[in-house]
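Asker: I'd like to go over a predicted model; first the sequence, then the structure.
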Amino acid sequence: MLAKQSALLRIYQNSFIGKSGIEIGGPSQAFSRRGVFPVYPMVGNLDNCNFGANTVWEGTLQQGKTFVFDSAKPAGQQYLAETTALGELPSGAYDFVLSSHMLEHTANPILALLEWKRLLVDGGTLVLLLPDRRHTFDHRRPVTTLSHLMADFKAGVGEDDLTHLPEILALHDLGRDPDAGDMDSFKARSLRNVENRCLHHHVFDTRLASELVEYIGLDVHGVEEIVPHHILLLAQNSRQPVKI
């Protein structure tokens, strides 16, 4: 059964057909042929960046031409680097950037998004999928504010940050997160977050997603809520100055 697909893809498919992009995290079912935003079959080539050589979601990774995202497409370049520090990748290298359910795992989203913006050509496209808190284990947590994300950026918060752990332990709904185990297991895993990156540092809704992306200087062209638990945002790189 096909997932409900984004209406935005029909409008902006020319931003992906035959074009060159990079995905942060993944590969992601959401971008596959049966996903909510099935761009994998359209693209010309697609590279990838993950934070380490072994992740909970992808298993073991190897840098090089090893990123397999579609059986009908050639493998892309796999990079192993922090999403907030992509200095080995040149500016303006890609027509689009994809990210599915990854930004919430980043302690400093503004720093990450500024790096992704740097990778885009003028007019390049960002596709951002985030969890809709109302339908996930975060439903008891308050939505993060843009001012909080700005403060994290200005403070230079790193990926070892555990500022939100008390809130997470108090409000995380383990009943909606069976892979986390019991509270003792969840807490032990969370304390090792710099190794596994499982925590959702921040909680998003459509308003925060739009405010955040506009704040770093991209033009938001559409935001959708897609069942069962997705917020999908599409934006394009502009020449407007960043507000930082």
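Answerer: Perfect, thanks for sending it. As the structure is a prediction and not an experimental result, all values here were calculated from the model. Residues are numbered from 1 along each chain as shown.
Asker: Show me the strands in this structure, by range?
Answerer: 20-24, 45-50, 54-55, 59-60, 64-67, 76-80, 94-100, 120-131, 218-226, 230-237 (DSSP state E).
Asker: Tell me the helices and strands packed up against the last one.
Answerer: It stands for strand 230-237. With contacts defined as 3 or more Cβ pairs under 8 Å, 6 or more residues apart in numbering; DSSP states H and E, the packing partners of strand 230-237 are helix 7-12, strand 120-131, helix 206-215, strand 218-226. All C-beta spots, glycine's among them, are computed from the backbone N, C-alpha and C.
Asker: I'd guessed residue 224 sits against residue 232; true?
Answerer: Yes - here residue 224 reaches residue 232: they are 4.6 Å apart, a contact under Cβ atoms under 8 Å.
Asker: Overlap in contacts, these two.
Answerer: 6, 8 (Cβ atoms under 8 Å, 6 or more residues apart in numbering).
Asker: Please say which of these two ends up with more neighbours.
Answerer: Shown here are residue 224 and residue 232; by other Cβ atoms under 10 Å, residue 232 has more neighbours (24 against 17).
Asker: follow-up on the earlier one: can you list the strands of the chain in TSV and add mean pLDDT and distance to residue 160?
Answerer: Output for those, formatted as TSV (pLDDT from 0 to 100; distance: least, Cβ to Cβ, whole Å):
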stretch	mean pLDDT	distance to residue 160
strand 20-24	98	19
strand 45-50	98	18
strand 54-55	92	17
strand 59-60	93	23
strand 64-67	97	27
strand 76-80	98	18
strand 94-100	98	21
strand 120-131	98	22
strand 218-226	96	28
strand 230-237	97	27
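Asker: Residue 175 is nearest to which of those strands?
Answerer: strand 120-131 (16.1 Å; Cβ to Cβ).
Asker: Could you report the separation of the residue lying closest to residue 145 once chain neighbours are set aside from residue 142?
Answerer: Counting by Cβ to Cβ, 6 or more residues apart in numbering, residue 145 lies nearest to residue 208, which is 7.4 Å off, once chain neighbours are set aside. Using Cβ to Cβ, to the nearest Å, residue 208 is found at 11 Å from residue 142.
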